[in-house]
Each structure stands twice: as C-alpha cells, then as structure tokens.
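Asker: coordinates only, no sequence provided:
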Ligand SMILES: *Cc1c(COP(=O)(O)O)cnc(C)c1O
C-alpha cells in the first residue's frame, strides 16, 4: 500500500497511486513499507529479469506475467540488449550509461515503462475513460514522454515546450514525433509559463470537465509519479550485481553513485535501492549553478526564493526539486505531520529549515556540490583527452563533483558515475568543449567524427519529416489541446 508524505490521505494500492500521480490533497505517494531485496539471489539474472523481481515487490497487485509483458514491451526499443551499458575509467571508477533509449536521455528508462503502468493501473481501478497526458518540458522530459506514450492504447499525449527555449535536437525530437496519439506545441513563453499553464489546467474544474466531456481524464507524466521512480531503482540494483559478476567488487562491498541531479528523482531511486539492502555508501548529488540542493544539504535551508539560471546542463536547470519531499519525509522518521507543517510554511514563505540532527543524518548518505559551466567544458575536454571518452554536459557535472568529493574525503570506495544523456544530444556544448562551438547538424556530425560512434535514434530524427510545427500564444493553448483531443 502507498501513503501520503503528509499523512493527509487514505492508504491506496499501487495502481491507485500510479493512476493518481500525486496525492490529491497535496503530498507525494510513498510505499508504506520499503521491501528488501536479496541481491545474492539475483546474481544470475539479466536486466529484464531483475526488473521483474524488483517491480513485483512494489506492485503486488500486478501478476508476474503482466509485469513481464510490460517490461519486455518497454525495453524492446533500446539499442543495447542489456538496456544499460558501462564504460570503465579505471579499476575504481566506471560510468553507468543510461542513454540507450529512443531519446538519448535516462528519462527513457522510466518513461518507456510508465505508460504501461498507467494503462494497466486504469484497468485495475475499473476506470474506463481515456487518458490525456499533458506535459510541460524544458527539453528532455517532452521527447521521452512522447516516445513512451506514442501509439499506447487509450491515451493521447500533448507536450508544451517553450518555442525558443529548447535545443535543436530536443525540438527536432518533438516536432517529428509521428504517433497516432501524439501532439507537441511550441508556446510563446518560457518553461515556467508552460509549467504554470499545465498546473492551472489540472486545477481548473471547468477545463477538466471539458476534457471529460470528450471522454478524457487529464493526467501527467512528471517525475513525482511513483511509476517514474520505480523503474529507476532497477539499474542501481543491476549495476551492483554487474560489478560483482565482473569481479570489480566483492559481495557486500560498499559502492558510491554520483548522480547529476535536478528534480531529485534519479538519486532518490538510488536511496530506495540502498534501503532495500544494496550496499551503497554515498549518494553524491551533483548540481549546476542552480544549487537549491547544495544549499539544502549543506545548511538545512530549502528555499525557492532564488534566481533561475540557464546553464549548459539544461536538464538540471531547476528552482526547486519536487522529489526532495519524499527524502525529507524519510529523514524525519516518516513524520507526516511535520512534513505537512514544513510544506505549509514553504507555500507561505517560500522556504523552511530542517532540524540539525535530521540534516546530520542525511549527511551520512548524501554529499552535494556544484560544478559551473566552465568546469563542465573543461571536464568534457579532460576526460576526452585522458580517456578518449566523450561525455555530455550533465555527466560532466557528475565527474567534476566526484573529483571535489575525492579531494575532500578519504573515501576510496568503488564509484559509479551515472551518465544521464548521450553526448550526441548536447553536441553543441560538446563541440565547444573539444574544439570550436558548432550548431545543429554540423555539431552532431562533428561529435560523430570525434567519438567515432553514432546514435541511430538521434541521427534518424534529422531526416524525419517535421509534422508538429504548430506554435501559439499562451492564451490559445487550451483550445489547441481540445482540438487535438477531438481529432
Ligand atoms: C532529467 C535529467 C536530469 C535530472 O534528473 P532528476 O531525476 O530530475 O534529478 C539529469 N540529466 C539529464 C540528462 C536529464 O534529462
């Protein structure tokens, strides 16, 4: 069963938590009990088999056969049969590559599976309406959500992006999407405008009624849905198993994971893996100039009264980190009343500060630091020169923060850098780091030359037809979306 982080909602089964996405009265769903996993029993299993074992523990109302079907359907689009891949840097450091899905970012791992969870959850709730997924994106979520929901029965998906605020490749991924149920719309505004609009639509009873009259229930695919965290737990567990099987670590040996962090979803999944019994020492949270988490983990103050910075690791450009609420809840010993108070204060004043002993407890697990834009460029260049390995700007943030952690601590645990995007997706910044900045197709071609590799998904979209080039003013978005649902 799943409960609210604010103790303000009834216990619900897993399929209800997934269908609802967030707690209707405020707060986020968390599992009532975090299950444990015996990794020693999983040593001979492949990624998909491990996925089935882990998902079973969290979705007990789903039959094993159903879970297997969902997992196999979700991951057949990946370019590697192992789903995730590894690149060793030295005998104590490896890179976990999470970008082998159709849009070249780690979000594919969750968003290829979530649509199947949602369709099955609706069925189990006895829920007959269709689902209209609305997503506001600053770049990576939109393409991954469109790719995940493409041609999924009983769903339509519409994605709003800031018309001038996403990269060349990200935009290409959205305007060339060709599902029978997909729609993307460029909005004359910034990401915040898009996100506010979507939030207001969810909260507006009239608009909900208009969609309902067409047979659609509004829903979101954003990173606070439990169904997005769950698929991410799997690769922390499968990586630990892989390290044992390849002789890099001994059974029971502690490892660190370094995670480029925005909304705190990816790293939180790592924390769940640790709670389940995977020997994880430190989870290292790497931020860019948007440092809300660095301030929080170093001082205990969580504040949204801060500037938004556009950086060269744009998928981590955030003002607040929604999933942090789940972690604070756990660190406070699951005191929902307390969490409710803290977030009430947050809504009223834009900030709160947690107790010192709670902060100290968090510090035993989390280390948090930043890397700036120049450090990102230097790191891409250094890693390439030293190891002939090309990384994207988000992964570079993780590498740099890892170095800072090393310099400050005596910790010599085996360390895994979590790589969240392919360098091809951020070709412009990568060319800037290696030689001279290029743009668009030229940048992509250069990155192919430098790395002597290619990403077929990213290459293919360049030759695909632009079929969703519509753009509009903010005040016409709702009517565009209703027309999309009608057609
Ligand atoms: C979304 C994203 C992140 C941030 O992940 P969170 O789960 O929001 O912390 C990091 N890197 C890339 C490339 C992303 O797309």
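Answerer: Arrived safely, thanks for sending. All values derive from a computational prediction rather than experimental measurement. Numbering: from 1, shown residues only.

Asker: CA atoms for contacts and neighbours, from now on please.
Answerer: Fine.

Asker: residue numbers of the stretch 251-400 of the chain in contact with the ligand?
Answerer: Residues of the stretch 251-400 of the chain lying close to the ligand by C-alpha under 6 Å from any ligand atom are 260, 261, 262, 263, 264, 265, 266, 315, 316, 394.

Asker: again, 5 Å this time
Answerer: Counting by C-alpha under 5 Å from any ligand atom, the residues of the stretch 251-400 of the chain lying close to the ligand are 261, 262, 263, 264, 265, 266, 315.

Asker: the fourth one touches residue 321, doesn't it?
Answerer: In other words, residue 264. Yes: Residue 264 is within contact range of residue 321, at 5.8 Å (criterion: C-alpha atoms under 8 Å).

Asker: who's more crowded, these two?
Answerer: Using other C-alpha atoms under 10 Å, the more surrounded residue of residue 264 and residue 321 is residue 264, with 23 against 18.

Asker: before we move on, the earlier item: reformat the residues of the stretch 251-400 of the chain next to the ligand as a markdown table; add secondary structure.
Answerer: Shown next, in a markdown table, are those (DSSP: H, G, I helix; E, B strand; the rest coil):
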| residue | secondary structure |
| --- | --- |
| 261 | coil |
| 262 | coil |
| 263 | coil |
| 264 | coil |
| 265 | helix |
| 266 | helix |
| 315 | helix |
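
Asker: a markdown table for these, including distance to residue 272 and pLDDT?
Answerer: Converted to a markdown table, those look like this (distance: C-alpha to C-alpha, whole Å; pLDDT from 0 to 100):
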| residue | distance to residue 272 | pLDDT |
| --- | --- | --- |
| 261 | 16 | 97 |
| 262 | 17 | 93 |
| 263 | 16 | 92 |
| 264 | 12 | 96 |
| 265 | 11 | 95 |
| 266 | 10 | 97 |
| 315 | 23 | 91 |
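
Asker: closest one to residue 29 out of the residues you listed, please.
Answerer: Using C-alpha to C-alpha, residue 265 is the member of those that lies nearest residue 29, at 13.3 Å.

Asker: for that closest one, list the residues it contacts.
Answerer: With contacts defined as C-alpha atoms under 8 Å, 6 or more residues apart in numbering, the neighbours of residue 265 are 223, 224, 229, 323.

Asker: how about the helices in the stretch 51-200 of the chain?
Answerer: 64-75, 107-111, 114-124, 141-149, 168-175, 191-203 (DSSP state H, counting those that start in this stretch).

Asker: run through the neighbouring helices and strands of the fourth one.
Answerer: Same thing as helix 141-149. In terms of contacts (3 or more C-alpha pairs under 8 Å, 6 or more residues apart in numbering; DSSP states H and E), helix 141-149 is packed against helix 107-111, helix 114-124, strand 130-136, strand 155-162, helix 168-175.

Asker: let's see 10 Å
Answerer: With contacts taken as 3 or more C-alpha pairs under 10 Å, 6 or more residues apart in numbering; DSSP states H and E, helix 141-149 sits against helix 107-111, helix 114-124, strand 130-136, strand 155-162, helix 168-175, strand 182-187.

Asker: that helix vs strand 130-136, what angle?
Answerer: Orientation of helix 141-149 against strand 130-136 (axes from the mean of the first three to the mean of the last three C-alpha atoms, to 10 degrees) gives an angle of 160 degrees.

Asker: please apply the same query to the third one.
Answerer: Angle between the axes of helix 114-124 and strand 130-136 is 140 degrees (criterion: the same axes, to 10 degrees).

Asker: one step back: overlap of the contact sets of residue 264 and residue 321?
Answerer: The contact sets of residue 264 and residue 321 overlap at 224, 293 (C-alpha atoms under 10 Å, 6 or more residues apart in numbering).

Asker: which one is residue 323 nearest to, not counting chain neighbours?
Answerer: The shortest distance from residue 323 to any non-neighbouring residue, by C-alpha to C-alpha, 6 or more residues apart in numbering, is to residue 264 (5.3 Å).

Asker: list the contacts of residue 261.
Answerer: 267-268, 284-288, 291, 293, 315-318, 321, 368, 394, 397-398, 420.

Asker: apply 6 Å and report the result again.
Answerer: Neighbour list for residue 261: 285, 286, 287 [criterion: C-alpha atoms under 6 Å, 6 or more residues apart in numbering].

Asker: quick one: pLDDT of residue 87?
Answerer: Looking at residue 87, its pLDDT is 98.

Asker: my guess is it meets residue 97, correct?
Answerer: No: taking contacts as C-alpha atoms under 6 Å, residue 87 lies outside contact range of residue 97: 7.5 Å.

Asker: between the two, tell me which one has more neighbours.
Answerer: residue 97 (21 against 14).

Asker: where does residue 195 land on pLDDT?
Answerer: Reported pLDDT for residue 195: 84.

Asker: now do it against the ligand, distance only.
Answerer: Distance of residue 195 to the ligand, computed by C-alpha to the nearest ligand atom, to the nearest Å: 15 Å.

Asker: and that residue, how many residues sit next to it?
Answerer: For residue 195, using other C-alpha under 10 Å, the count is 19.

Asker: thought it was touching residue 134?
Answerer: No: in this structure, residue 195 is not within contact of residue 134 by C-alpha under 6 Å, at 10.0 Å.

Asker: okay, now the residue in the stretch 1-150 of the chain that the ligand sits nearest to: neighbour count?
Answerer: Minimum separation of the stretch 1-150 of the chain from the ligand (C-alpha to the nearest ligand atom) falls at residue 140, amounting to 4.9 Å. The local packing of residue 140 (other C-alpha under 10 Å) involves 24 other residues.

Asker: tell me which residue is most central in the protein.
Answerer: Geometric centre of the chain, nearest residue: residue 107, 4.7 Å, by C-alpha atoms, centre = their mean.

Asker: not counting its neighbours along the chain, what's nearest that residue?
Answerer: With C-alpha to C-alpha, 6+ apart, the residue lying closest to residue 107 is residue 144, at 6.2 Å.

Asker: thought residue 106 was touching that neighbour, still the case?
Answerer: No: if you go by C-alpha under 6 Å, residue 144 and residue 106 don't touch, sitting 8.9 Å apart.

Asker: next, count neighbours for residue 460.
Answerer: Residues within reach of residue 460, counting by other C-alpha under 10 Å, total 10.

Asker: picking up where we left off before, ok, of the helices of the stretch 51-200 of the chain, where does mean pLDDT dip lowest?
Answerer: helix 191-203 (a mean of 85).

Asker: tell me how far whatever helix or strand comes next after that helix lies from the chain's centre.
Answerer: Where DSSP states H and E defines the elements, the next helix or strand beyond helix 191-203 is helix 205-213. How far helix 205-213 lies from its chain's middle: 29 Å, per C-alpha atoms, centre = their mean, to the nearest Å.

Asker: try stretch 451-464
Answerer: The answer for stretch 451-464 is 22 Å, by C-alpha atoms, centre = their mean.

Asker: and for stretch 46-54?
Answerer: The answer for stretch 46-54 is 19 Å, by C-alpha atoms, centre = their mean.

Asker: please point out which parts of that stretch sit buried.
Answerer: Neighbour counts using 16 or more other C-alpha atoms under 10 Å place 47, 48, 50, 51, 52, 53, 54 of stretch 46-54 among the buried residues.
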